[in-house]
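# what would the 3D arrangement of this be:
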Amino acid sequence: MASKAIFLDRDGVLIDNSKHYYIWNADQLSLIDGIAENLKILLQKGFKLFIVSNQGGISRGKYTKKDIINLHGELISTFQLNGIEITDIIFCPHHPDIEKCLCRKPDSLMLEKLIARHKIDKASSFFIGDSQSDMEAAANAGIKGIQIVPNKNMYPFILSLIK
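Model prediction:
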């Protein structure tokens, strides 16, 4: 049976990126207010949680894939301490100024991979993001997009989603 899912952009949705454009180490890891409570609500409603993130700083040489994998490990651990399970994380290491790809949002390859890999029901799933490219990726993958205000508590959007 297919599962319902919430796909989440990382920076500006989960992690506060108001002080850093590129977030790649644990010192920069600052969760947005209310994120743990909001994710718990979504889990209680039966959604699986996924993180989908563009990480163009890798191809620009700002940090490495290993840096991002380590940061994501720290993020997963932080969420686990709060009773939150992230089913999977996927990221695109490319930057359009350097190389073309099919995975970088607004393209939908990252979402499509997660949908196929985890047998996700697109009709009952959502992508929560803070940018137009997130909304375009959702539309390109055939799921509903919810655009939130960057670096703000997403509870009002969660409330409308679960009603």
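# longest helix anywhere in this protein?
helix 65-81 (DSSP state H).
# that one - what's its average pLDDT?
Across helix 65-81, pLDDT averages out at 97.
# could you list the residues in contact with that helix?
14-15, 23-26, 29, 31, 36, 39, 51, 55, 58, 85-86, 89, 91, 93 (Cβ atoms under 8 Å, 6 or more residues apart in numbering). C-beta here means a position set from N, CA and C on the backbone, and glycine is covered the same way.
# and if we set it to 6 Å?
Contacting residues not belonging to helix 65-81 are listed as 24, 26, 55, 58, 86, 89, 93 [Cβ atoms under 6 Å, 6 or more residues apart in numbering].
# what about it, distance to the chain center?
With Cα atoms, centre = their mean, to the nearest Å as the basis, helix 65-81 stands 13 Å off its chain's centre.
# residue boundaries of the strands in the protein?
5-8, 48-54, 88-92, 126-129, 144-147 (DSSP state E).
# what's the most buried one of these?
Highest mean neighbour count among the strands of the chain (mean count of other Cβ atoms under 10 Å): strand 5-8, with a mean of 26.
# strand partners of it, parallel vs antiparallel please.
Its sheet considered, strand 5-8 pairs with strand 48-54 (parallel), strand 126-129 (parallel) by DSSP bridges.
# export those strands to a markdown table and tack on distance to Ile148 and mean pLDDT?
Shown next, in a markdown table, are the strands paired with strand 5-8 (distance: least, Cβ to Cβ, whole Å; pLDDT from 0 to 100):
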| stretch | distance to Ile148 | mean pLDDT |
| --- | --- | --- |
| strand 48-54 | 14 | 98 |
| strand 126-129 | 6 | 98 |
